[in-house]
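Colleague: show me the folded form of this:
(chains A and B)
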Protein chains: 2
Amino acid sequence: MRASTYHLNTLKEAPSEAEVVSHQLMTRAGMIRKLAGGIYTYMPLGLKVIRKIEAIVRDEMNAAGGIELLMPVVQPAELWQESGRWVQYGAELLRIKDRHQRDFVLQPTSEEVITDIARNEIHSYRQLPLNFYHIQTKFRDERRPRFGLMRGREFTMKDAYSFDRDEASAQQSYDKMYDAYMRIFSRLGLEFRAVAADTGSIGGTRSHEFQVIADTGEDLLAYNPDSQYAANIELAEAPCLLAERAAPAQTLEATPTPGAAKCEDVAKLLGLPLERTLKSLVLATEPEPGKVQIWLLMLRGDHELNEIKAGKIPGLADFRFATESEIVEHFGCKPGYLGPIGTALPVRVVADRTVANMADFVCGANREDYHYTGANWGRDLPEPEIVADLRNVVAGDPSPDGVGHLAIQRGIEVGHVFFLGTKYSDALKATFLDETGKPATLQMGCYGIGITRIAGAAIEQNHDGRGILWPRAIAPFEVVICPVGWGKNETVRNEAVKLYDELRARGVDVILDDRDARPGVMFAEWELIGVPLRVTVGERGLNDGVVELQARRESDAVKIPVESALNKVLDKLETL
Amino acid sequence: MRASTYHLNTLKEAPSEAEVVSHQLMTRAGMIRKLAGGIYTYMPLGLKVIRKIEAIVRDEMNAAGGIELLMPVVQPAELWQESGRWVQYGAELLRIKDRHQRDFVLQPTSEEVITDIARNEIHSYRQLPLNFYHIQTKFRDERRPRFGLMRGREFTMKDAYSFDRDEASAQQSYDKMYDAYMRIFSRLGLEFRAVAADTGSIGGTRSHEFQVIADTGEDLLAYNPDSQYAANIELAEAPCLLAERAAPAQTLEATPTPGAAKCEDVAKLLGLPLERTLKSLVLATEPEPGKVQIWLLMLRGDHELNEIKAGKIPGLADFRFATESEIVEHFGCKPGYLGPIGTALPVRVVADRTVANMADFVCGANREDYHYTGANWGRDLPEPEIVADLRNVVAGDPSPDGVGHLAIQRGIEVGHVFFLGTKYSDALKATFLDETGKPATLQMGCYGIGITRIAGAAIEQNHDGRGILWPRAIAPFEVVICPVGWGKNETVRNEAVKLYDELRARGVDVILDDRDARPGVMFAEWELIGVPLRVTVGERGLNDGVVELQARRESDAVKIPVESALNKVLDKLETL
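Modeller: The predicted model follows:
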């Protein structure tokens, strides 16, 4: 490609709404243009990146036995009603009506359609296992789309669906996809981690997320540097930090703590470690319409509630936080001084595992500006009704696999594999005839990769002050040739074109910047765009028989003899 | 690919709703599955065809200087309001609302979005010419989707848009696309014709359609076998067939024609050639709200009205056919006996060119069961107010280019190039700074190819009683190897696998049918699917040192020595 016949349009400034670096840099580099909130045009440079990601994903999916098809963007409501997700999915599912007022959705994912295909196409166990995938436009009507390609509304996803005769075979299909994902993200050139994850609204019994490691990631990942253990913090199990509960040593006292509504303030005021305090969180559920149940969740003062874990406690599946009036009604006190001792009305108490083993603790006294000190389970209040893992793990927590301690890092979820079981095949009655000739329900897995999101995540992980640092595998171009003095020096032109032609002949994705721009402008533009390797061909260098090789990630350029430039460039590319 | 790890599912019967052969065969061959009216899943075999079509289109678009990007499926209403098409487009434009009740459309085409991109990205004449294209999912909410991929609602289109500084340059961009399209359809292996065409709702000043020749096509194409002239019958100019008007030789007489309401019946009854009769068609317009204008269009009895030509007559742009009550009111007579002589109320009369030179003609007498004979313009009634080309050309008409005569054939429109001029750039104020530094309006062209429709059209053109006859370039597989006795004969297996591996190594897209099916079943399936070349490897042949080569389009198989099978297959492929 020659730059003069391509479309490049870099910008000095990113739009003010671009909050994250990938959104800023993709816009500035001319890779995406916003059409509406969360809806972007992939400009030529951006589309090249997307296509390279797609090609790697497709290649590894095929190698793992995936069979590509293409399901429609517009899907009839009937299938979504059959699965129940027409009701469950909420406002992110964009519902539309055609000219005959029939209901359709813009697909956010394709479990329903593929299960419908499976029930029509799969008749016998002899056809199994099968793994269908497609790479297709998806739409999720995010309430607040932002972060560019990281949280768009229209985006491209690869979604695969496996069908198996039994759970053991389905586990093999799952493992095959897990392995394919490991290869995909390695080939993409990204630092990533596979972590055990919650199954969320997709459902199923187990899942792993593939997370691109980046400080700006929204997800927190807990991992054990000394073992294979890794899990999304949503799922990572937090142990009890106290081996056993100490005997009470203090007496219960209502202690004035004026204005100290937070554990940190109470600990400071009383001169106690934060680990001695208890944090009270009040939730509400409606076990039956019109009836409200209030729950008090107790965490150690330095710990944070994990809402996903809370939601898994029997009875708390659909919890919400209690309103202030509900709190006052049940505790006789406003938030900040709440505790489990002497509540105005009965509430159900859930203690975190660590809390259950605390002794002589500090908790709110259900009286404004007062906390109890020296509180003890069993003596001053009943044993907690429920003890459960309620908190996020923190760095240094013992690893759930029994070896060493957890570390925490941030990640961006770019892939997710789910063991679905029969959730969708039951709902849509997708069966096959087994070896005995009897109908059996298909065992399913589903496997997503956020194609367009990967482009954003790659930048969040790989950038510097001057622009993007694309991994070679997904860079819009692998090499840029920058001739200095294109317009006036024929030798420069000839050498640049010669190297350009040679590299193209070797299959290198190279662009020749023949726009006759000033070197500073040209270099800054290609650094912003993030091409991994630049070759500068200039009159001065050619007089000395050299051209300059500048790797985007390295600080210094190296001079290479012009006669061996091709091989030096090819060698350098191999190292990137 | 091995068939045992692929998904094949051919059907004995096509669904009853499949009216055309491509719909029937694609369904039976397992290439598409209907999800909703006009919405199909491309099954693995079908998607392979689509991808091969896309690849050829992309390759030639790139070679012609097109730059690929990707515009969203979901587009904001504002741009469509700016161009005016939000109102003009009608019910085929699927309008949707997002969760915030903002209006969007599912794109049927992308003139608005690309013009918006152009006005933001193109600043200077130095950036021109530019040609952006994308290959993307489109949606047109057809009132009655049918014919499978031929008239779907969700489909894939390649749409390109050129931007130029002036009309001469825009014409060059148009010609470049025209030439690229010629190469594309040649490479696809289809018999096709480029024809001059009407610009329709897209607008612009000139256009050509690319039509795949097929007896089942909906379009009629007029062409001159002795010259380059070719046009859609919508546009093909029909000359006056009478060099001059003869002098009246008969007297006007009201002649009883009981029950003869059609020209054919009148001619038969009176023993006159059909060419002596006049056909009367009554149209209505509303030049201002509430005011109806009635028009009488006169055609020779053997000619057919061309509604597009009629619509181009000043005043007739928005015509409709008159109602029976309007006809009775203006002619004092019910349809079947209408004519231009002595109408009850004044009507505007438009005569086809040939009609205007007729003498002693027969026309309705505006009196039930009567026609006039011996009628003559000027003598028996005023000269026609308007003389125009109103009719469809017919085979044998003199060619508009002055040489020879027209022939007619049927075609399926698969591509369309439009010279748009400034229709969209004016509406969206897309300008650039010209050489003098002054703003000028971008000249545009747009260029569509119906990717998924091509698959259907290729089958309409290429099929026989047993199934599809894919051109090699877009066949789902180029070669199928059918081992006879796969399960029990190791030599058969070894030879089949050896040839399979060799062909793959040469880049041939080959499938090995290792399902151990009976030969008859296997052959019928691959004939239905339409793979161009089959190699049968069987015990009996191997004993004689041969395998069988069967081209799908040829009636007989040929035996080829097993040791030269690879080269024979490669040679044969070259001829397909």
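Colleague: give me phi/psi at residue A:130?
Modeller: Dihedral angles phi and psi of residue A:130 (degrees, to the nearest 10) take the values phi -130, psi 140.
Colleague: check what pLDDT the residue lying closest to it once chain neighbours are set aside gets.
Modeller: Computed as Cβ to Cβ, 6 or more residues apart in numbering or on different chains, the closest residue to residue A:130 that is not its neighbour in sequence is residue A:163, at 4.7 Å. In this view, the C-beta of every residue, glycine as well, is placed from N, C-alpha and C. Note for residue A:163: predicted pLDDT of 98.
Colleague: quick one: secondary structure of residue A:163?
Modeller: Under DSSP: H, G, I helix; E, B strand; the rest coil, the three-state class of residue A:163 is strand.
Colleague: how many neighbours does it have?
Modeller: For residue A:163, the tally of surrounding residues (other Cβ atoms under 10 Å in any protein chain shown) stands at 27.
Colleague: before we move on, what about residue A:84?
Modeller: Counted with other Cβ under 10 Å, the burial measure for residue A:84 works out to 13 neighbours.
Colleague: that one against residue A:427, yeah?
Modeller: Yes: A contact is recorded between residue A:84 and residue A:427 when judged using Cβ atoms under 8 Å, the distance being 6.3 Å.
Colleague: measure residue A:78 to residue A:71 for me?
Modeller: Taking Cβ to Cβ, to the nearest Å as the criterion, residue A:78 is separated from residue A:71 by 15 Å.
Colleague: who has more neighbours, these two?
Modeller: Remark: of residue A:78 and residue A:71, residue A:71 carries more neighbours, 25 against 14, as counted by other Cβ under 10 Å.
Colleague: what sits against that one?
Modeller: With contact taken as Cβ atoms under 8 Å, 6 or more residues apart in numbering or on different chains, residue A:71 is in contact with A:107, A:110, A:113, A:114, A:117, A:134, A:136, B:35, B:41.
Colleague: what of residue A:561?
Modeller: Under the criterion of Cβ under 8 Å, 6+ apart, the neighbours of residue A:561 are A:545, A:546, A:568.
Colleague: likewise residue A:502?
Modeller: Shown in contact with residue A:502 (Cβ under 8 Å, 6+ apart): residue A:566.
Colleague: for ChimeraX, write the selection for the buried entries among the contacts of residue A:561.
Modeller: The buried residues among the contacts of residue A:561 can be selected in ChimeraX (16 or more other Cβ atoms under 10 Å in any protein chain shown) with this line:
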select /A:546,568
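Colleague: tabulate the contacts of residue A:561 (TSV), appending secondary structure and distance to residue A:293.
Modeller: Formatted as TSV, the contacts of residue A:561 follow (DSSP: H, G, I helix; E, B strand; the rest coil; distance: Cβ to Cβ, whole Å):
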residue	secondary structure	distance to residue A:293
A:545	coil	83
A:546	strand	78
A:568	helix	72
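Colleague: closest one of the contacts of residue A:561 to residue A:276?
Modeller: Distance to residue A:276 across the contacts of residue A:561 (Cβ to Cβ) is lowest for residue A:568, with 64.8 Å.
Colleague: how many residues are close by the nearest residue to that closest one once chain neighbours are set aside?
Modeller: Spatially, and ignoring its direct neighbours in sequence, residue A:568 is nearest to residue A:560 (4.3 Å; Cβ to Cβ, 6+ apart). Counted with other Cβ under 10 Å, residues neighbouring residue A:560 total 21.
Colleague: same check, this time on residue A:515
Modeller: A count of nearby residues for residue A:515, using other Cβ under 10 Å, gives 18.
Colleague: would it count as being in a helix?
Modeller: No: in this structure, residue A:515 is coil, not part of a helix, as judged by three-state DSSP.
Colleague: isn't it right next to residue A:7, touching?
Modeller: No: in terms of Cβ under 8 Å, residue A:515 does not count as a neighbour of residue A:7; the distance is 11.8 Å.
Colleague: so residue A:509 sits against residue A:474, correct?
Modeller: No: the criterion here is Cβ under 8 Å, and residue A:509 misses it with residue A:474 at 10.8 Å.
Colleague: helix, strand or coil for the residue nearest in space to the middle of chain A?
Modeller: Most central in chain A under Cα atoms, centre = their mean is residue A:413, positioned 1.8 Å from the mean C-alpha point. Taken by three-state DSSP, the conformation at residue A:413 corresponds to strand.
Colleague: now the closest residue to it other than its chain neighbours: which helix or strand?
Modeller: The spatial neighbour of residue A:413 that comes closest, neighbours along the chain excluded (Cβ to Cβ, 6+ apart), is residue A:209 at 5.0 Å. Using DSSP states H and E, residue A:209 sits in strand A:206-213.
Colleague: state whether residue A:534 is indeed within a strand.
Modeller: Yes: secondary structure assignment (three-state DSSP) places residue A:534 inside a strand.
Colleague: run through the bridge partners of it.
Modeller: residue A:480, residue A:550 (DSSP bridges).
Colleague: domain ranges for chain A?
Modeller: A:3-237+A:408-459, A:253-388, A:477-575 (automatic domain parsing).
Colleague: how about these, which one is nearest residue B:482?
Modeller: Of the domains of chain A, the one closest to residue B:482 (Cβ to Cβ) turns out to be domain A:3-237+A:408-459, at 19.1 Å.
Colleague: quick one: that closest one to chain centroid distance?
Modeller: 11 Å (Cα atoms, centre = their mean, to the nearest Å).
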